[in-house]
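# Here you go, sequence then predicted model.
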Amino acid sequence: MNSKQIVLASRPKGTPTSEDFRIENVELPELKEDDLLLQGMYYSVDPYMRGRMNDAKSYVAPFKVGQPIEGGVVAKVVESKSVDFKTGDIVMGALPWQQQIVAPAKGVKKIDASIAPASYYLGILGMPGLTAYFGLMDITKPKAGETVVVSGAAGAVGVVVGQIAKIQGCRVIGIAGTDDKINLLKETFGFDEGINYKTTADIKQAIAQLCPNGVDVYFDNVGGAISDAVISNINFHARIALCGQIALYNSTEVPMGPRLQPMLLTRSVLMQGFIVSNYQSRFPEGIQQLAQWITAGKLKFTETILQGFEQLPAALIGLFKGVNTGKMVVEA
């Protein structure tokens, strides 16, 4: 049986382009015992994938040139050689970008699409939602009445962070790149205020005006000049969750910025980087709490869904242009 797959054709220099990807046909292997034949339904694209396109040591191995890109995939079981799965089950796992996939049963888990749409397991009930939950609740420990600033606030992680902070009784300011996104954050997701970083001349001053009592918690999804501006307004004993640095991922030179360590030192600020897999043993706890908040109507979510397997490279490139609101997903 043949399947289409998308491979890394070359390692990008700066922002990825369509030439860095290639669509190929591949012959699928025969199913062995405990294997599954899967039909891809929804494919996740995430900023961390850009780092895996580099040949550099990190917390996860780089993609190999000539081999398929891999990411979160929701799929349907077409054929099963495992006693734990049957035809028609919906599963999720870290899988290659292929339309049909042969995978070991131990590499996927069954999901319950009656709780929420299946694609949500790539978003609010998957890696982004868990990232928001553990990064905010475990690292920054927000308290009622505190001021929380979220960069990349209209992305898959940011929209969840802001809502959880509101559930905790905080005042929340989101930073995003269009007026439409700012309006969505305020009107749909309950953020108190928003800053359009593309049209705001002085972000540092804008934060000072919206946060007259300073910033107690900063959830950093972007890094760069935006984070410099936020941290310049940081309070004593503030906490910073260092989640993403998308503003820097495509840099071809090491960018220079303010030296922030003296500010962190003199204000006794905690800044902690993390990756969601640090909390893997606690994923059931996070999913249970997120699902409860969704069921109670306290958490909302949004997705940008592109149609067609071949749109995966465009979807990934689009992340770095800010074309998505909420989670970027490709539906096969």
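Here it is on my side, so go on.

# Per the annotation, how does the chain divide into domains?
Listed by automatic domain parsing, the domain ranges of the chain are 2-123+302-331, 127-277.

# Return the most buried member of these.
Of all the domains of the chain, domain 127-277 carries the top mean neighbour count, a mean of 20, counting by mean count of other CB atoms under 10 Å. All C-beta spots, glycine's among them, are computed from the backbone N, C-alpha and C.

# Tell me how confident the model is about that domain, as a mean pLDDT.
Domain 127-277 carries an average pLDDT of 96.

# Just the endpoints, please. Distance across that domain?
9 Å (CA to CA, to the nearest Å).

# And that domain, how far out from the chain middle?
14 Å (CA atoms, centre = their mean, to the nearest Å).

# do stretch 320-332 as well
For stretch 320-332, the distance to the chain centre is 10 Å (CA atoms, centre = their mean).

# Could I get the full set of strands for the stretch 151-300 of the chain?
171-176, 193-196, 215-220, 234-242, 270-273 (DSSP state E, counting those that start in this stretch).

# which residues sit against the longest one?
So the one you mean is strand 234-242. 135-136, 139-141, 147, 213-220, 231, 263-264, 267-274 (CB atoms under 8 Å, 6 or more residues apart in numbering).

# rerun that using 6 Å as the cut-off
Here strand 234-242 makes contact (CB atoms under 6 Å, 6 or more residues apart in numbering) with 135, 139-140, 214-220, 267-271, 273.

# Of those, which is the nearest to Glu30?
Gly135 (42.3 Å; CB to CB).

# roughly how far apart are the nearest residue to the closest one once chain neighbours are set aside and Asn221?
Excluding its sequence neighbours, the residue lying closest to Gly135 (CB to CB, 6 or more residues apart in numbering) is Ala241, at 4.2 Å. Noted for Ala241: a distance of 9 Å to Asn221, by CB to CB, to the nearest Å.

# Can you pull the residues that touch both of the two?
With the criterion set as CB under 6 Å, 6+ apart, the contacts of Ala241 and Asn221 do not overlap.

# sorry, back to before: need the max-distance pair from the contacts of strand 234-242.
Gly214 and Gly273 (22.3 Å).

# re the thing from before, so can I have JSON lines of the domains of the chain showing distance to Ala291?
Output for these, formatted as JSON lines (distance: least, CB to CB, whole Å):
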{"stretch": "domain 2-123+302-331", "distance to Ala291": "6"}
{"stretch": "domain 127-277", "distance to Ala291": "9"}
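
# closest one to Trp293 among those domains?
The nearest among the domains of the chain, by CB to CB, is domain 127-277 at 6.7 Å.

# Could you measure from Glu187 over to Gly174?
Taking CB to CB, one finds Glu187 at 12 Å from Gly174.

# Any idea how far apart the tips of stretch 296-310 sit?
End-to-end for stretch 296-310, by CA to CA: 37 Å.

# buried residues in the longest helix seen in the chain?
In the chain, with assignment by DSSP state H, the single longest helix is helix 283-295. Under the neighbour-count criterion of 16 or more other CB atoms under 10 Å, helix 283-295 has 283, 286-287, 289-291, 293-294 buried.

# Which elements pack onto it?
helix 127-134 (3 or more CB pairs under 6 Å, 6 or more residues apart in numbering; DSSP states H and E).

# okay, now Arg282: neighbour count?
Using other CB atoms under 10 Å, Arg282 is surrounded by 13 other residues.

# how near is the spatially closest residue to it that is not a sequence neighbour to Arg11?
Counting by CB to CB, 6+ apart, Arg282 lies nearest to Phe134, which is 7.1 Å off, once chain neighbours are set aside. Per CB to CB, Phe134 is found 31 Å from Arg11.

# and what of Thr131?
26 Å.

# And the helices in the stretch 101-250 of the chain?
Remark: helices assigned in the stretch 101-250 of the chain by DSSP state H, counting those that start in this stretch are 127-134, 158-167, 179-187, 203-210, 224-231.

# Next, the angle strand 171-176 makes with the last one.
Compare the direction of helix 224-231 with that of strand 171-176 by axes from the mean of the first three to the mean of the last three CA atoms, to 10 degrees and you get 160 degrees.

# One more: the first one?
Between the axes of helix 127-134 and strand 171-176, defined by the same axes, to 10 degrees, the angle is 150 degrees.

# Now do the same contact list for the residue nearest to Ala153 when sequence neighbours are not counted.
In space, and not counting its chain neighbours, Ala153 is closest to Gly174: 3.0 Å by CB to CB, 6+ apart. Shown in contact with Gly174 (CB under 6 Å, 6+ apart): 150, 153, 162, 185, 191, 194.

# now those as CSV including distance to Val78?
Shown next, in CSV, are those (distance: CB to CB, whole Å):
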residue, distance to Val78
Val150, 40
Ala153, 39
Gly162, 39
Leu185, 40
Phe191, 42
Gly194, 44
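
# Out of the residues you listed, which is nearest to Glu27?
Ala153 (44.4 Å).

# backbone phi and psi for that closest one, please?
When quoted as degrees, to the nearest 10, the phi and psi of Ala153 stand at phi -70, psi -20.
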